[in-house]
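Novice: Here is the input, now give the coordinates:
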Amino acid sequence: MEEVMKLLATYEKHLESKGRVTQVRKYQIRWIKLFQTWLLDVYAIDDWRDVTLDHLLAYGKHLHERRKSDGLPTTKGFQNAQLYALKKFFEYLKKTDRILIDPTLNMPRLNDRVSIRGKALSAQQALKLLQQPNLKYPFGFRDRCILELLYSTGIRGKELCNLSVFDIDFDENLVRVRQGKGSKDRFVPFGKAAASYLKEYINRVRPIFFRKHPGRSAGDKLFVTQLRKGMSTATLRNLVLRYAGLADLPRITTHSLRHTCATLMLKGGASVRHVQEMLGHSQIKTTQRYTTIQVDDLKKVHAKTAPSERRKSVQLPSCSLLS
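Specialist: Numbering: from 1, shown residues only. Sure, this is the predicted structure:
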C-alpha cells in the first residue's frame, strides 16, 4: 500500500507538471483510488501489471450501473471522465516502464461531446437569467455583474474567482485572465453591457462592502462574499444555481454560461479559431465540441438556403390515381 501511495504521489506531481489545476489532480487521483479499491474487492488484484482491458470494460459497466444517493445514474460525461483518468494513468505507467502492456490501448473511444459540462442556454434564457438579481441591493448588483461577465467572456468559474480589480482594462474592454488552465495568461474582451456593470460595481458598489467593516479585506479580489472574502468556486456555483431556479430554468452550472457564450458566438459567425483563443483552449478540437448543430437550427438554415426551398412558386403535386 505504501508503494501505491508513493506512485500516486509521483503521478500527481506529473499531472502538476502538465499544468493540471489542483482540483483536477485531486479528482483524477481519487478516481484512480476508487478503481483500485473496486479491483481489489471484485478481482483481488493489487498489482497494476495484472490489469487487462476486460477489467476496465467491467469497471465501465460498474460505473454505468451505479446509482447516486438520489437513485439517479451518474451522467455519461462523469463516467467518461473517470475512465479517461484511468486511461491517462495507464499511459503514464507504460511510458515510465512500470507496466509492459497498456491495457487501455484498445479501449473503445470515449464520446468527447458528452464531456461538455453544463447545458447551453438560448439567448432568451440567458437574458432571463441575467435579469434575476435585485439591483437595489449591493450584493444583487454584484451578482448581476458576475453573470454579465461570465456571459460576455466565457471565462471559467475558477478564472472569475481569481480576478483582481487590476485585471480589468476599461480602455480596451479587456479582462486579463492570470494562470488559467495550463497555467497560461490571456486577455479576453468583454462587451458594452458587461463594461457598464463592471464600472458601476468597481467604482460605487464594491466599496460599500468595506465601509462598515474597515478591518476586513479581500485584498484586491474583484468579487467578494458577504464575509468580505474572495469568492470560491462553490459559492459561485450556488449563486448560478439559485438564479437559474428563480428564472425557472433547467439545472445549469457555471460552465453553462461558458458553453452559452461559445455556442452563440459561433452561431453569430465567429470563427472557431477566435473562440478557441477567447476560451483559452490549447487544442482547437476542444472548441469544436461547441459546434454541434441542433436539428432545429439545421431546419431553419435549410428553409432559408436550400435551392429547393428558394423557388418563387411551387406547383403542388397531385396524383390522378387518387381521384
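Novice: okay, CA-based contacts and neighbour counts for the rest of this
Specialist: OK.
Novice: what packs against the helix or strand encompassing Lys26?
Specialist: Element membership for Lys26, per DSSP states H and E: helix 22-43. With contacts taken as 3 or more Cα pairs under 8 Å, 6 or more residues apart in numbering; DSSP states H and E, helix 22-43 sits against helix 2-17, helix 76-95.
Novice: which residues sit against it?
Specialist: Outside helix 22-43, the residues within contact range by Cα atoms under 8 Å, 6 or more residues apart in numbering are 8, 12, 15-16, 45-46, 55, 59, 82, 85-86, 89.
Novice: for the residues you listed, which one is nearest Val165?
Specialist: Glu16 (27.8 Å; Cα to Cα).
Novice: residues in contact with that closest one?
Specialist: So Glu16 contacts 22, 25 (Cα under 8 Å, 6+ apart).
Novice: Next, work out how far apart it and Tyr92 are.
Specialist: Per Cα to Cα, to the nearest Å, Glu16 is found 13 Å from Tyr92.
Novice: re the thing from before, where's the dip in pLDDT among the contacts of helix 22-43?
Specialist: Among the contacts of helix 22-43, Glu16 has the lowest pLDDT, at 86.
Novice: Let's see the ChimeraX selection covering just the buried ones among the contacts of helix 22-43.
Specialist: This is the ChimeraX syntax for the buried subset of the contacts of helix 22-43, where burial follows 16 or more other Cα atoms under 10 Å:
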select :8,12,15,16,55,59,82,85,86,89
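Novice: Mind putting the contacts of helix 22-43 into JSON lines with distance to Phe141?
Specialist: Output for those, formatted as JSON lines (distance: Cα to Cα, whole Å):
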{"residue": "Leu8", "distance to Phe141": "44"}
{"residue": "Glu12", "distance to Phe141": "40"}
{"residue": "Leu15", "distance to Phe141": "38"}
{"residue": "Glu16", "distance to Phe141": "37"}
{"residue": "Ile45", "distance to Phe141": "56"}
{"residue": "Asp46", "distance to Phe141": "54"}
{"residue": "His55", "distance to Phe141": "52"}
{"residue": "Tyr59", "distance to Phe141": "47"}
{"residue": "Gln82", "distance to Phe141": "38"}
{"residue": "Ala85", "distance to Phe141": "40"}
{"residue": "Leu86", "distance to Phe141": "43"}
{"residue": "Phe89", "distance to Phe141": "44"}
